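1. Turn this into a model:
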Amino acid sequence: MTRIRYVENNGVLTSKPLLAGTELVTVEIDTVGNVYSIKRENDGTVISQGNAVDVNLLKKKAKLALKALGVVFNDEVRRKGA
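-> Coordinates of the predicted model:
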């Protein structure tokens, strides 16, 4: 997996469940408060959270936190235009 796909609902971006080691987690990004939360899928417990000045930085910080929790991301290779 290389990208995290989000679904927007009232200013909150929510990811599909991701496998972090042996448990499923989801990412929620509050675009109004500029805060991200990584939660366990089964009980909603917040495992990690943080803030940033804009949505792009929130997404980057959330992805780094997911990597630290054990979510595996493959490198994305884009073809250059001919």
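2. drop to CA atoms for contacts and neighbour counts, all remaining ones
-> OK.
3. what ranges do the helices span in this structure?
-> Taking DSSP state H as the criterion, the chain carries its helices at 55-69.
4. Would you mind finding the longest strand in it?
-> In the chain, assigned by DSSP state E, the strand with the most residues is strand 23-30.
5. who's in contact with it?
-> When contacts are taken as CA atoms under 8 Å, 6 or more residues apart in numbering, the neighbours of strand 23-30 outside the stretch itself are 11-19, 35-42, 55, 58-59, 62.
6. Identify those among these that sit within strands.
-> Mapping those onto strands (DSSP E) picks out V12, L13, T14, S15, L18, L19, V35, Y36, S37, I38, K39, R40.
7. Selecting buried members of the residues you listed in PyMOL, what would you type?
-> A single PyMOL command is used to select the members of the ones in strands among the contacts of strand 23-30 judged buried by 16 or more other CA atoms under 10 Å:
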select buried, resi 12+13+14+15+18+35+36+37+38+39+40
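8. Just the closest of the ones in strands among the contacts of strand 23-30 to G81, please.
-> Distances from G81 to those, taken as CA to CA, are shortest for S15 (30.3 Å).
9. beta partners for that closest one?
-> Taking DSSP bridges, one finds Y6 as the beta-bridge partners of S15.
10. circling back to that earlier point, tabulate the ones in strands among the contacts of strand 23-30 (a markdown table), appending pLDDT.
-> As requested, these are exported to a markdown table (pLDDT from 0 to 100):
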| residue | pLDDT |
| --- | --- |
| V12 | 95 |
| L13 | 96 |
| T14 | 96 |
| S15 | 95 |
| L18 | 93 |
| L19 | 92 |
| V35 | 96 |
| Y36 | 97 |
| S37 | 97 |
| I38 | 96 |
| K39 | 96 |
| R40 | 95 |
